[in-house]
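Peer 1: The amino acid sequence is not available; the structure is as follows:
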């Protein structure tokens, strides 16, 4: 039952993040999508963080797994839940009579580097919370701000998604958008562990 609570939180959180990003694209408000994504994640950290950690991103989950902050079984459950949550957004928007987002996806080295860097910055922000460097009140601001920064940088050359699950939800599916965030997340998680722990 404990795992079910965790997986439900990750499903719900990724659904809400993907929904917020989708609505910011189909109904522009003047607020940049990276800012909306960052604010949404900040809220999710405060609301769902005490339940599951509010990863809501497979790249975050894999990064934390690589540095020993979660086991493989839980990581797989998180990732499956995150993907399902993101995929539920399109039918939900259809029910609301809103055309689901089809962001498209290009391949390219520059896009891959930007996506990896963006996801890496997000994971570094998450690691600062996990290692107690930005715990308590600053946690949500740190993580949300990290996503805002990472997505802003990534959007300079591509869609700026930095989240494989959200990429699936936005139909921005290519090897670049699916794999680059994992690479960046793992590199930055390992780098952060080295800087903090020295190993």
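Peer 2: Now that the structure is in, tell me what you want to look at. For clarity, every value in this text was computed on a predicted model and none was experimentally measured.
Peer 1: Tell me who's in contact with the spatially most central residue of the chain.
Peer 2: The chain has residue 57 as the residue nearest its centroid, 3.4 Å off, counting by C-alpha atoms, centre = their mean. Residue 57 is in contact with 14, 82, 119, 122, 162, 163, 164, 165, 166, 181, counting by C-beta atoms under 8 Å, 6 or more residues apart in numbering. For every residue, glycine as well, the C-beta is placed using N, CA and C.
Peer 1: taking the residues you listed one by one, which sit in helices?
Peer 2: Cross-referencing the contacts of residue 57 against helices under DSSP state H gives 14, 82, 119, 122, 164, 165, 166, 181.
Peer 1: The first one against residue 78, yeah?
Peer 2: Think residue 14. No. Counting by C-beta atoms under 8 Å, residue 14 does not reach residue 78; the two are 9.4 Å apart.
Peer 1: Which parts of the chain are helices?
Peer 2: For the chain, the helices defined by DSSP H occupy 2-26, 33-52, 58-66, 72-87, 89-95, 109-130, 138-154, 164-169, 175-197.
Peer 1: Tell me where this structure is predicted with low confidence.
Peer 2: Where the chain drops to pLDDT under 70, the residues are 1, 135-136, 198-199.
Peer 1: make it 80
Peer 2: Filtered on pLDDT under 80, the chain yields the residue ranges 1-2, 133-137, 197-199.
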